[in-house]
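>>> What shape does this take:
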Amino acid sequence: MRTLLNEVSDLPGVIGICIFDRKDGVFCGELHDKLTDDLLEKVGAHLVRLLQIGSMSSLGVKTAQFFFDRYAVIGLPLQASSVLMAVCGPQADKTAVAAAAVRVAEKLRAEQLPSEIEPEVITIEEEQIESLEPEPEDSGLYPAQLQAMLCRVEQALAGAVGPVAGMVMQDYIDRWRQNGPAVPARLVELTSMLMEEIGDPEAAQDFITKIENII
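The predicted structure is shown next:
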């Protein structure tokens, strides 16, 4: 199992990889000293809950990414309450890391996890869904739904400002987060800020046309 994990941990920019199980916690990992079990267990718990909600909603979430100020966490489901987590630094090629993690997760599922860590079956009642929703305050991480929306906004922005869209987007996201929680309901505020950056009325209108079905 550790050999499989090394396929991801050896990639540039990866600072840790492990398996998190809701019952057994963090195990079988290659981790930087700063990545404490307590920190990874909190993130792992969020990932498990997110994937469970996705399953209940028939969304079929296969990969989830959380973005913090200094790290990005890529998570993939293994069993009902266990996930594979790869932690990346800011310079990592997250697309390449995610692709490698997908391959490793598929191999782990095929080989099956050891029986001693087989997770408990967790039943979530309909009335519990509300309690599993992300907290409204900004914790510095983006749920999968919001991250997908931000990616689409950035793609639309690239059509207006070119290859600097990524840097511009991050700068405005930082300012946007200072004014309130990073939630989909506030995307209109972010896109209004980006329109001021575009400047050119025609390019700004094209940008709005591309994102109107997102916000």
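>>> all strands of the chain, in order?
14-21, 25-31, 64-67, 72-79, 82-88 (DSSP state E).
>>> Mean confidence (pLDDT) on the fourth one, please.
Just to be clear, that refers to strand 72-79. What strand 72-79 shows for mean pLDDT is 86.
>>> So which residues make contact with that strand?
Applying Cβ atoms under 8 Å, 6 or more residues apart in numbering, the external contacts of strand 72-79 come out as 19, 21, 43-44, 47, 51, 61-66, 83-88, 90, 92, 94, 97-98, 101-102, 105, 108-109, 113, 118-119, 141. Placement of C-beta: from N, CA and C, glycine included.
>>> Redo the strands of the chain as JSON lines? Include mean neighbour count and distance to L146.
Shown next, in JSON lines, are the strands of the chain (neighbours: other Cβ atoms under 10 Å; distance: least, Cβ to Cβ, whole Å):
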{"stretch": "strand 14-21", "mean neighbour count": "23", "distance to L146": "22"}
{"stretch": "strand 25-31", "mean neighbour count": "17", "distance to L146": "25"}
{"stretch": "strand 64-67", "mean neighbour count": "22", "distance to L146": "10"}
{"stretch": "strand 72-79", "mean neighbour count": "23", "distance to L146": "14"}
{"stretch": "strand 82-88", "mean neighbour count": "26", "distance to L146": "18"}
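>>> among those, which is nearest D174?
Comparing those against D174 with Cβ to Cβ, the closest turns out to be strand 64-67 (11.8 Å).
>>> Remind me what the closest one packs against, helices and strands.
Strand 64-67 is packed against helix 37-56, strand 72-79, helix 144-161, with contacts defined by 3 or more Cβ pairs under 8 Å, 6 or more residues apart in numbering; DSSP states H and E.
>>> any chance of the strands of the chain in JSON lines, plus distance to P184?
Shown next, in JSON lines, are these (distance: least, Cβ to Cβ, whole Å):
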{"stretch": "strand 14-21", "distance to P184": "26"}
{"stretch": "strand 25-31", "distance to P184": "30"}
{"stretch": "strand 64-67", "distance to P184": "15"}
{"stretch": "strand 72-79", "distance to P184": "19"}
{"stretch": "strand 82-88", "distance to P184": "23"}
